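Visitor: Give the three-dimensional model of this entry:
(one chain, ligands or ions: 1)
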Amino acid sequence: MDLLPVYSLLDIELVKGQGWTVWDADGRAYLDLYGGHAVISIGHSHPHYVEAISRQVAQLGFYSNSVRIRIQEDVARQLGRVSGYDTYRFFMVNSGAEANENAMKLASFATGRKRIVVFDKSFHGRTSLAVAATDNPKIVAPVNATSNVVFCPLNDADALERILREGDVAAVMIEGMQGVAGVRMPTDDFLREVERLCAAYGAMLILDEVQSGSGRSGRYFAHQHAGITPQLITVAKGIGNGFPVGGLLVHPDIAVTDGMLGTTFGGNHLACAAMQAVLDVIERDGLMAHAEHVGNALIARCAELPYVREVRGRGLMIGIELDRPAAGVRTTLFKRHGILTGNASQPATLRVLPPLNVPAHELDRFVDALTDSCTGDHP
Ligand SMILES: Cc1ncc(COP(=O)(O)O)c(C=O)c1O
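Guide: Residues are numbered from 1 along each chain as shown. All right, here's what the predicted structure looks like:
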């Protein structure tokens, strides 16, 4: 049987990872500034992570949510402490799309309303309502399209208020930083306006922190830089460091009834062991402060490069918009310098999403390689 050809692949097979380095089948090492799409937060094969998952699978790998799973309670407590959301409740699923799907569902249950407002160039996942809330008509099948999802221009509070005034809005959902769009930023003032307008019109605020969360911005969640407090926050990617995990932080005032949400695999013992290990390392090694320090220094350096038009982001979630298409530069970084970076829907933008413990000297190496890739004479 062949694989369904839905991905455009980089010409490489990776067989090993350690920290911020991955190796291909021929033994060539690569600096991983892509992190498997912002997933690798504490580094590849971190010893504490390997030990925690190995210990858990040897003890009890899985049981369903029909019994008490104490490690879930431990993870929720730890996530509450590390993120500052200790009064919220945590519901675990398996992916970012599923987390957003459940957040929208819960907002609709809680308000009795039907409409969801999202923003232009958003990406919220590929399940039914999450894909309808994603601004890419190419991936929305006719069965997913729904008039219950309304798109609003990012950073336009007047447009948002006009939509809210029409009524029936259950939630406004926004990414902490828009990832797929090339690290497009909602301004802090705009986020504060969104919070105010949601409260004024009785809509819930959902923060999609699937890509921008897990400490990547320097705070546990990117929206915390703006000082806002959403009712629902979704997580995935970095919180599992490669183990498929998603989740939903739910404000204490949102009522849930028995059976309203559910999942077979969400919050299983292995997923919880993975999350615990990730949170341990983020806390113990001060990775949020490190990400903020080295990431913001990289942003400042890149902003001064002559072939860079704009640098967007915070901490280690960075979009570098070049004065040319990014695809060729990415290829040179990969083939000539052994550096993996991400692309974006904005074709001139490179995305930098490394493990949060990447050292500053590796980022210096990237700046030199970027300069060579943009100025050197490469075939
Ligand atoms: C902001 C955001 N939300 C949701 C998702 C979907 O996550 P998943 O692929 O785990 O379903 C992504 C994935 O790239 C994302 O970047």
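Visitor: now the strands: where do they sit in the stretch 201-350 of the chain?
Guide: 204-208, 232-235, 246-250, 308-314, 317-322, 339-340, 349-352 (DSSP state E, counting those that start in this stretch).
Visitor: what residues does the last one touch?
Guide: In this structure, residues lying in contact with strand 349-352 by Cβ atoms under 8 Å, 6 or more residues apart in numbering are 33-34, 179, 182-183, 298, 313, 316-322, 326, 329-330, 341-344, 366. The C-beta positions use only the backbone N, C-alpha and C, and glycine is treated the same way.
Visitor: Now do the same for Pro379: its pLDDT.
Guide: As predicted, Pro379 sits at a pLDDT of 61.
Visitor: actually Asp11, sorry about that
Guide: 88.
Visitor: my guess is it is in a helix, correct?
Guide: No: the assignment for Asp11 by DSSP: H, G, I helix; E, B strand; the rest coil gives coil, which leaves it out of any helix.
Visitor: So what's the residue count around it?
Guide: Number of residues near Asp11 (other Cβ atoms under 10 Å) recorded here: 8.
Visitor: Ok, Thr263 next?
Guide: 16.
Visitor: ok, and the closest non-adjacent residue to it?
Guide: Val93 (5.3 Å; Cβ to Cβ, 6 or more residues apart in numbering).
Visitor: surely that neighbour meets Pro244?
Guide: No: with contact defined as Cβ atoms under 8 Å, Val93 does not count as touching Pro244 (9.4 Å).
Visitor: Mind checking which of those two has more residues around it?
Guide: Of the pair Val93 and Pro244, Val93 is the one with more neighbours under other Cβ under 10 Å, namely 26 against 19.
Visitor: does Thr127 really touch Asn102, like I thought?
Guide: No: using Cβ under 8 Å as the test, Thr127 is too far from Asn102 to be in contact (9.8 Å).
Visitor: circling back to that earlier point, quick one, which of the strands of the stretch 201-350 of the chain is nearest to the ligand?
Guide: strand 204-208 (4.8 Å; Cβ to the nearest ligand atom).
Visitor: Walk me through which strands that closest one pairs with, and which way each runs.
Guide: strand 169-175 (parallel), strand 232-235 (parallel) (DSSP bridges).
Visitor: Which residues does the shortest one contact?
Guide: Judged by Cβ under 8 Å, 6+ apart, the contacts made with strand 232-235 from elsewhere in the structure are 85, 88, 96, 99-100, 103, 106-107, 171, 204-210, 213-214, 221, 223, 245-251, 254.
Visitor: likewise stretch 149-162?
Guide: Contacts of stretch 149-162 (Cβ under 8 Å, 6+ apart): 115-122, 129, 132-133, 135, 163, 169, 172, 178, 184, 186-187, 190, 193-194, 197.
Visitor: and it, is it in reach of the ligand?
Guide: No: shown here: stretch 149-162 not in contact with the ligand (Cβ under 6 Å from any ligand atom), separated by at least 13.4 Å.
Visitor: do the same with stretch 40-50
Guide: No: under the criterion of Cβ under 6 Å from any ligand atom, the ligand is not reached by stretch 40-50; the shortest gap measures 13.7 Å.
Visitor: Close to the ligand as well: tell me which of the contacts of strand 232-235 qualify.
Guide: Within the contacts of strand 232-235, those near the ligand by Cβ under 6 Å from any ligand atom are Gly96, Asn100, Asp208, Val210.
Visitor: From those residues, which land in helices?
Guide: Counting by DSSP state H, these place Gly96, Asn100 in helices.
Visitor: Output the ones next to the ligand among the contacts of strand 232-235 in CSV; the columns should cover neighbour count and pLDDT.
Guide: Below are those laid out as CSV (neighbours: other Cβ atoms under 10 Å; pLDDT from 0 to 100):
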residue, neighbour count, pLDDT
Gly96, 29, 98
Asn100, 32, 98
Asp208, 33, 99
Val210, 28, 98
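Visitor: Which of the ones next to the ligand among the contacts of strand 232-235 sits closest to Glu362?
Guide: Using Cβ to Cβ, Val210 is the member of those that sits closest to Glu362, with 25.1 Å.
Visitor: can you give me phi and psi for the closest one?
Guide: When read as degrees, to the nearest 10, the backbone of Val210 gives phi -60, psi -50.
Visitor: And for Val22?
Guide: phi -130, psi 150.
Visitor: change the start of the numbering to 53 and stick with it
Guide: Sure thing, new numbering starts at 53, so read that last one as Val74.
Visitor: Surely Gly292 touches Met327?
Guide: Yes: contact criterion Cβ under 8 Å: Gly292 and Met327 qualify, at 6.2 Å.
Visitor: In terms of packing, which of those two has more residues around it?
Guide: Using other Cβ under 10 Å as the criterion, Gly292 and Met327 rank with Met327 on top: 29 against 26.
Visitor: ok, that one - contacts?
Guide: Met327 neighbours (Cβ under 8 Å, 6+ apart): Val127, Leu131, Ile291, Gly292, Phe295, Val297.
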